[in-house]
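In: Sharing a model prediction with you, sequence too.
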Amino acid sequence: MLKFLKSLVGGPAKKRQLHILPQGLTVDIASGQTLLEAALANGIAFPHDCTVGTCASCKSRLKQGRVREATPFGYTLSKLELDAGFILACQAFPRDDLTVVEIEPPGADVPPPESFTGTITETQPLTHDILKVTVRMDRRVNYVAGQYASVRAPGLPRSRHYSFADAPQREGRTDLNFFIRKVPGGAFTDALFSGGLNGQPLTIDAPHGNFHLRGGNSPMLCVVGGSGLAPLLSVLEQARKTRIRRPCTLLFGARTQADLYMLDALQSLASGWLDRFNFVPVLSHEPPDSAWQGARGMVTEFIASAAGEIDWASAEAYMCGPPPMIDAAIAKLVESGLPLDAIHYDKFTDGRDEAPAA
C-alpha cells in the first residue's frame, strides 16, 4: 500500500545538474535558476554581463540536454549560431537532469570588474551623431583591449555599455575615451549630447566583455559600423604596440563621407602596422553625384573581395557594430569558408533593443 501511495505522490525531485566544459565542473541547478545563475551561485567565473539576453557575453554551446528559453535566443544570436547549438546561458532553463555546455574560459590576464566613479571632462563631436567622450576616473582602470564599461548616470535606472576606445596601459588608465552614438529618444544620450551630464558623477562598472584579440598570426578581417570602431581601434592599437605581425583588412561601414571619423588615427595605425594593412571604407548612402571614388553599398557585400586571396580556413574575423550588420557578416563569412569558431564579435545594441519576452 505504501509503495502504491508513493507512486501516486512521487518521490523527491531529482537534482538537475550543469556540467561546464572545458573546465569539467559540475554544479547543481536549483529550482527556477537559469544556467548562468546556477554557475554564478557556485562561484564559477562564467562569462556574462547584462543577464537579459542582449549582450551575448554568456553565449555557450549546448553539448547535451535541452533548455527552455526565457527570451528567444534568436534575438541576439544569428541563425548560424543557433544551428550550431549556441544558447544564451542567462536565458536558459534546464529541461533535463543533466545539461552540458561549453564556454570559452576567460583569459588569465582579464582583470575582475570593479566599481568606479567618473566625471566627463571633454566631449568632441566626431560625426553629427557620435561624440568622443573623455571621462576622468577616481582611480586607474585596468582592462583588456576590446572590453567595455557599464556606465550609469544619476537619476537614470539603467546602465549603458560603452567600449574603451584606447589601447590599455600597463599601469591602468585614469582618463577613458568612449565613442558614443546618439540614440533617438535615449535618456542617457539626450542628456549627454545636451551637456546635461557634464560635471555629474557617473557610476562605472568595469571591465566587462570577452571580445579580445586571440593569439597566433592568422590573417585578420575586421568589420565595423558606426561607433563600433571603438573596441576594434583599441584592439588594433594594442596589437601595434605589442608589435604583432598579422595581415589585416579593416572594413569600415558608414552612411556618407560625413560619417567616417578617426581617419587620421586609422592612417597612423596602418603606417605603423608590421604586416599588410588594408583599410576599406564603404558608404551605403553617399549621394550618387558626389566625388566619392571608394566602395559603395553595404559593408558586408565587400567581405570576400576586400580580403583578397585570403585562406579562410586559417583566418579570423573581428566585428563590432549593429546587430543586422553582424548577422549578415556572419552569414557571408561562413559562406566564404570561415569556421564559425573563428568569428568574434561585439553587437552594439541600444536602449531600443530590449529583448522581447518569450
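Out: The structure has been received and is ready for your questions.
In: Every contact and neighbour count from this point should use C-alpha atoms.
Out: Noted.
In: so what are the domain limits for this protein?
Out: Domain ranges of the chain: 13-102, 114-208, 220-347, per automatic domain parsing.
In: now those domains in a markdown table, with distance to residue 214?
Out: Listed next are these as a markdown table, based on distance: least, Cα to Cα, whole Å:
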| stretch | distance to residue 214 |
| --- | --- |
| domain 13-102 | 16 |
| domain 114-208 | 11 |
| domain 220-347 | 9 |
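In: now the residue nearest to residue 197 when sequence neighbours are not counted, what's its secondary structure?
Out: Once flanking residues are discounted, residue 197 sits nearest to residue 191: 5.9 Å by Cα to Cα, 6 or more residues apart in numbering. Under DSSP: H, G, I helix; E, B strand; the rest coil, the three-state class of residue 191 is helix.
In: Equivalent analysis for residue 145, please.
Out: Applying three-state DSSP to residue 145 yields a three-state assignment of coil.
In: same deal with residue 302?
Out: In three-state terms, and counting by three-state DSSP, residue 302 is helix.
In: list the contacts for residue 149?
Out: Under the criterion of Cα atoms under 8 Å, 6 or more residues apart in numbering, the neighbours of residue 149 are 161-164, 204-208.
In: Closest one to residue 60 out of those residues, please.
Out: When the contacts of residue 149 are compared for distance to residue 60 (Cα to Cα), residue 208 wins out at 16.8 Å.
In: is it true that that closest one touches residue 147?
Out: Yes: taking contacts as Cα atoms under 8 Å, residue 208 lies within contact range of residue 147: 5.6 Å.
In: In this structure, what helix or strand scores lowest on average pLDDT?
Out: Evaluated with mean pLDDT, DSSP states H and E, the helix-and-strand set of the chain has its lowest mean pLDDT in helix 2-9, which scores a mean of 46.
In: which element follows that one toward the C-terminus?
Out: strand 16-21 (DSSP states H and E).
In: The stretch 201-350 of the chain: helices as residue ranges?
Out: Per DSSP state H, counting those that start in this stretch, the stretch 201-350 of the chain carries helices over the ranges 229-241, 263-271, 303-307, 323-336.
In: Identify, out of those, the most deeply packed stretch.
Out: Comparing these on average neighbours per residue, with mean count of other Cα atoms under 10 Å, the densest one is helix 229-241 at a mean of 23.
In: Now do the same for that one: mean pLDDT, whole number.
Out: Along helix 229-241, the predicted local confidence has a mean pLDDT of 97.
In: any idea of the angle it forms with helix 263-271?
Out: Angle, helix 229-241 to helix 263-271, by axes from the mean of the first three to the mean of the last three Cα atoms, to 10 degrees: 30 degrees.
In: what's helix 229-241 in contact with?
Out: Counting by Cα under 8 Å, 6+ apart, helix 229-241 makes contact with 145-148, 163-168, 178-179, 212-213, 222, 224, 252, 269, 272-274, 318-321, all of which sit outside it.
In: could I get that helix in PDB with only the CA atoms?
Out: What follows is helix 229-241 as a C-alpha-only set of coordinates in PDB (Å, rounded to 0.1, in the frame of the first residue of the first chain):
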ATOM      1  CA  LEU A 229      35.100  51.400 -34.300                       C
ATOM      2  CA  ALA A 230      35.900  52.000 -30.600                       C
ATOM      3  CA  PRO A 231      36.700  48.400 -29.400                       C
ATOM      4  CA  LEU A 232      38.400  47.500 -32.700                       C
ATOM      5  CA  LEU A 233      40.600  50.600 -32.600                       C
ATOM      6  CA  SER A 234      41.600  49.600 -29.000                       C
ATOM      7  CA  VAL A 235      42.400  46.100 -30.200                       C
ATOM      8  CA  LEU A 236      44.400  47.200 -33.200                       C
ATOM      9  CA  GLU A 237      46.300  49.900 -31.300                       C
ATOM     10  CA  GLN A 238      47.200  47.300 -28.700                       C
ATOM     11  CA  ALA A 239      48.400  44.900 -31.400                       C
ATOM     12  CA  ARG A 240      50.600  47.600 -32.900                       C
ATOM     13  CA  LYS A 241      52.000  48.500 -29.500                       C
END
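In: circling back: narrow the contacts of helix 229-241 to those in strands?
Out: 148, 163, 178-179, 222, 224, 252, 318-321 (DSSP state E).
In: can those go into CSV with extra columns for distance to residue 31, pLDDT and neighbour count?
Out: Output for these, formatted as CSV (distance: Cα to Cα, whole Å; pLDDT from 0 to 100; neighbours: other Cα atoms under 10 Å):
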residue, distance to residue 31, pLDDT, neighbour count
148, 32, 94, 24
163, 35, 96, 28
178, 40, 98, 22
179, 42, 98, 23
222, 42, 97, 24
224, 41, 97, 28
252, 46, 98, 23
318, 38, 97, 22
319, 37, 96, 26
320, 36, 96, 26
321, 37, 93, 23
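In: Now the two most distant members of those residues.
Out: Farthest pair in the ones in strands among the contacts of helix 229-241 (Cα to Cα) is 148 and 252. Separation: 20.0 Å.
In: residues touching residue 121, list them.
Out: Applying Cα under 8 Å, 6+ apart, we find residue 121 in contact with 133-136, 198-199.
In: Of these, which is the nearest to residue 39?
Out: Among the contacts of residue 121, and counting by Cα to Cα, the member closest to residue 39 is residue 135, at 33.6 Å.
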